[in-house]
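Colleague: Quick one: sequence and predicted model below, then my questions.
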Amino acid sequence: MTDQQNLYFLAILTKAYDAPDPKKAIAEALDQICSLRNQPEYQEGYRNFQTFLHEVLTNSDLAPDLAENIFHKIETGEFEDIPDDQLDALLEMIQGETIPSPEPPDTTSCELTLQNTEGQHWEIQLHPGKPHDLQSINPSEYTLTFANGREIWSNKLEPEQLLWSLAHPAEPLPAAAATQPSDLKPTSTTPLLGGEILLEVFPGIENGTLRLQWNK
């Protein structure tokens, strides 16, 4: 997940603030922000937007029940159902609010889970720029997810990808193959999340190695 997606609402609101008619532009911006809330890559960003909106409403002069009603409708994406007078009040509050500068998301590590249909399970702590190798990978169906369960890759790894004798039947096994997969050519390379994470498969003598690298 990129910083741009986690904070996507900031760019939309900033553009609206600079429009000739900010009030109208902010109304359109809220509609656009809400329209993206169900897309997986924007869900974290929408939660950040909700935090911003909650601060705006909490510090407003609106009655608490009225503020809560507006927040609920925005939270559920029912932007068009907000009464005109409440909408006007909301737009004026947002127009007068300073664009927040939230703390950047933690980019020191990324927690992933790999599992296969044979019941094997790997917990992965991925760090930017540092390859993470998973050894003893056997032919099976594999699924890679974030720690929250969101799937980012699923595929079947075949014997031809994992066994040197099948991947390169006419070539002798290099001496470094058992311990240094990076010295070998991968049998498959798959960019994930728009290339942010690279998944590579290397063949070995009895099984293979799956390498993950976070290129953030």
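Modeller: Perfect, thanks for sending it.
Colleague: starting at the chain centroid, how far to the lengthiest helix in the chain?
Modeller: In the chain, taking DSSP state H as the definition, the longest helix is helix 43-58. Relative to the chain's own centre, helix 43-58 is displaced by 18 Å; criterion: Cα atoms, centre = their mean, to the nearest Å.
Colleague: Skip ahead from it and say which helix or strand is next.
Modeller: helix 64-75 (DSSP states H and E).
Colleague: Would you mind pulling up the elements that that next one packs against?
Modeller: The contact analysis (3 or more Cβ pairs under 8 Å, 6 or more residues apart in numbering; DSSP states H and E) places helix 64-75 against helix 43-58, helix 84-95. In this view, the C-beta of every residue, glycine as well, is placed from N, C-alpha and C.
Colleague: picking that back up, any buried residues in the longest helix of the chain, and which?
Modeller: 43-46, 48-50, 52-53, 56-57 (16 or more other Cβ atoms under 10 Å).
Colleague: Helix 84-95 and that one, what's the angle between them?
Modeller: 100 degrees (axes from the mean of the first three to the mean of the last three Cα atoms, to 10 degrees).
Colleague: relative to helix 64-75, how tilted is helix 43-58?
Modeller: Going by the same axes, to 10 degrees, helix 43-58 makes 160 degrees with helix 64-75.
Colleague: which strands and helices sit next to helix 43-58?
Modeller: helix 3-6, helix 8-17, helix 64-75, helix 84-95.
Colleague: so which of those comes closest to Ile137?
Modeller: Between Ile137 and the helices and strands packed on helix 43-58, the tightest spacing by Cβ to Cβ is seen for helix 3-6, at 30.3 Å.
Colleague: re the thing from before, alpha carbons only: can I get the longest helix of the chain in CSV?
Modeller: Extracted C-alpha coordinates of helix 43-58, given in CSV (Å, rounded to 0.1, in the frame of the first residue of the first chain):
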residue,chain,number,x,y,z
GLN,A,43,-9.6,1.4,2.7
GLU,A,44,-6.8,2.5,5.0
GLY,A,45,-6.9,6.0,3.4
TYR,A,46,-10.7,6.1,4.0
ARG,A,47,-10.1,5.3,7.7
ASN,A,48,-7.6,8.2,7.8
PHE,A,49,-10.2,10.4,6.2
GLN,A,50,-12.8,9.4,8.9
THR,A,51,-10.3,10.3,11.6
PHE,A,52,-9.9,13.8,10.0
LEU,A,53,-13.6,14.2,9.7
HIS,A,54,-14.3,13.1,13.2
GLU,A,55,-11.8,15.8,14.5
VAL,A,56,-13.6,18.4,12.4
LEU,A,57,-17.0,17.5,13.8
THR,A,58,-15.9,17.0,17.3
